[in-house]
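need a structure here:
(one chain, ligands or ions: 2)
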Amino acid sequence: MKKTKRDFLRLTDFTAGEVDALLKRSLALKKRWKKGLRDNSLAGKCIGLIFDKASTRTRVSFEVAMRQLGGSSIYLDPGTTQIKRGESIADSARVLSRYLDGVVLRTFDHAIVEEWSRWASVPIINGLTDLLHPCQIFCDLLTIVEKKKTYRGLKLAYVGDGNNVANSWVEAASMLDFSLALACPKWYEPDAHILKEAGEKVKGRLMISQDPVEAVRGADIVYTDVWASMGQEEEREERLKTFQGYRVDAKLMQKAGENALVMHCLPAHAGEEISAEVLEGPQSIVFDQAENRLHGQKGILEFLLRTYQPQRAQRTKR
Ligand code: CP
Ligand code: NVA
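Ligands and ions are numbered 1, 2, ... in the order given. The predicted model follows:
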């Protein structure tokens, strides 16, 4: 099957040039929205959202992004579709591609979104898997550019679990010119395959240690995420013990750069991976960060939904 559509399953599905262009476009869309100007670039388009895991930000920001650009969305509760009753991804993806202009998926195994990508003739957007969370990191880059003018040359320290968010940061560092210092407990480092893929491309710009102080030294951004991700609830108690010493608190922030900002993809567990004092403090930009899910995803949606050639359009063309 010839592929004419583009997906966003991982950061590296975009080129560095596309990331820069989309960041610029997203910022412009945000400014226009704030000025009261209204865009209609996705008029007539409709996306579906299929989420096997909970979500506040991703779901609402995608749905609102569609509406603000003149389009619409349908939240497909997996429990009430035939997918839950065992209809194959191959069939579901081909059927939904006849109705929808794109699908946002949130699920467990990353192979599931790859399977959807294989069968769907419309763009598939990864709204989080166990492996990656690319929309989060794209929108976080938007926040960084907004706050620090550029991501270029900055040092971002990631403290905590080498999870889906950390993996997407590694992919971002493999494409874009910034330094990434990760501090993770032993056995909780980012995915080995993703690190290997990043390989030479991050040489000299990626540091992994078990030492949060070392990681945050001189950092422009200190980033953290929960110690137990969705699907790891049974490991929670053990992880709480293992991750003591990896909390982003005021003492750790003293070692960071003078103008360091604190980011967290949310939801946060104040008192665990981040102290309440830091989460609520002047260095924290977590709510601006959350807001930018909306503006960044507008850029992603415009790019993906307006550049692909839907099969049905080809079929009806004379
Ligand atoms: N950060 C994030 O993806 O939040 P939700 O789980 O609420 O979508
Ligand atoms: N790492 C977290 C991110 C939530 C947005 C999780 O997967 O649960």
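
next, count neighbours for residue 86.
6 (other Cβ atoms under 10 Å). For glycine as for every other residue, the C-beta is placed from the backbone atoms N, C-alpha and C.

quick check: it is in a strand.
No - assigned with DSSP: H, G, I helix; E, B strand; the rest coil, residue 86 falls outside any strand and is coil.

i'd like the first residue to be 35 from this point on
Taking 35 as the first residue, the last one we looked at is residue 120.

look up phi and psi at it.
phi 100, psi 10 (degrees, to the nearest 10).

which non-adjacent residue is nearest residue 74?
residue 104 (3.7 Å; Cβ to Cβ, 6 or more residues apart in numbering).

residue contacts, the one you found?
By Cβ atoms under 8 Å, 6 or more residues apart in numbering, residue 104 lies in contact with 73-79.

state the pLDDT value of the residue nearest in space to the middle of the chain.
Closest to where the C-alpha atoms of the chain average out (Cα atoms, centre = their mean) is residue 170, at 2.2 Å. Residue 170 is assigned a predicted lDDT (pLDDT) of 99.

spell out which parts of the protein neighbour ligand 1.
Contact residues, the chain versus ligand 1 (Cβ under 6 Å from any ligand atom): 89-92, 162, 170, 299-300.

show me the contacts for the residue nearest to the centre of the chain.
Contacts of residue 170 (Cβ under 8 Å, 6+ apart): 92, 162, 199, 202, 299, 327.

give the buried residues for the helix or strand it falls within.
Per DSSP states H and E, residue 170 falls inside helix 168-182. Residues of helix 168-182 classed as buried: 168-180 (neighbour count, 16 or more other Cβ atoms under 10 Å).

pull it out as PDB, backbone CA atoms only.
Presented in PDB, the C-alpha positions along helix 168-182 are these (Å, rounded to 0.1, in the frame of the first residue of the first chain):
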ATOM      1  CA  PRO A 168       5.900  12.800  21.500                       C
ATOM      2  CA  CYS A 169       3.100  15.400  21.600                       C
ATOM      3  CA  GLN A 170       4.100  16.200  25.200                       C
ATOM      4  CA  ILE A 171       7.700  16.900  24.300                       C
ATOM      5  CA  PHE A 172       6.900  18.800  21.100                       C
ATOM      6  CA  CYS A 173       4.600  21.100  23.100                       C
ATOM      7  CA  ASP A 174       7.200  21.400  25.900                       C
ATOM      8  CA  LEU A 175       9.700  22.600  23.200                       C
ATOM      9  CA  LEU A 176       7.200  25.300  22.400                       C
ATOM     10  CA  THR A 177       7.100  26.300  26.100                       C
ATOM     11  CA  ILE A 178      10.900  26.400  26.200                       C
ATOM     12  CA  VAL A 179      11.100  28.500  23.100                       C
ATOM     13  CA  GLU A 180       8.500  30.900  24.500                       C
ATOM     14  CA  LYS A 181      10.300  31.200  27.900                       C
ATOM     15  CA  LYS A 182      13.900  31.100  26.800                       C
END
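
for the helix or strand harbouring residue 82, which strands pair with it and how are they oriented?
Assessed by DSSP H and E, residue 82 sits inside strand 80-85. Paired with strand 80-85 in the same sheet, following DSSP bridges, are strand 106-109 (parallel), strand 136-140 (parallel).

quick one: distance of the shortest one to the chain centre.
Its chain's C-alpha centre and that of strand 106-109 lie 20 Å apart, by Cα atoms, centre = their mean, to the nearest Å.

same question, the longest one
Mean-position distance between strand 136-140 and its chain equals 13 Å (Cα atoms, centre = their mean).

can I get that strand in PDB? Just the C-alpha atoms.
Extracted in PDB, the C-alpha atoms of strand 136-140 (Å, rounded to 0.1, in the frame of the first residue of the first chain):
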ATOM      1  CA  GLY A 136      -7.000  11.500  11.800                       C
ATOM      2  CA  VAL A 137      -6.900   9.400  15.000                       C
ATOM      3  CA  VAL A 138      -5.200  10.200  18.300                       C
ATOM      4  CA  LEU A 139      -4.400   7.000  20.200                       C
ATOM      5  CA  ARG A 140      -3.300   6.500  23.900                       C
END
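
quick one: the following helix or strand past that strand to strand 136-140, angle?
Per DSSP H and E, the first helix or strand lying C-terminal to strand 136-140 is helix 144-153. Here helix 144-153 runs at an angle of 170 degrees relative to strand 136-140 (axes from the mean of the first three to the mean of the last three Cα atoms, to 10 degrees).

up against ligand 2, what does the stretch 35-184 of the chain have?
Counting by Cβ under 6 Å from any ligand atom, the stretch 35-184 of the chain sits next to ligand 2 at residue 162.

if we go to 8 Å?
With Cβ under 8 Å from any ligand atom as the criterion, the stretch 35-184 of the chain comes near ligand 2 at residues 87, 89, 91-92, 162, 164, 167, 170.

farthest-separated two in these?
Maximum pairwise distance in those, criterion Cβ to Cβ, is 17.9 Å, between 91 and 164.

picking that back up, and among the strands paired with strand 80-85, the most buried is which?
Ranked by average neighbour count under the criterion mean count of other Cβ atoms under 10 Å, those are headed by strand 136-140 at a mean of 27.
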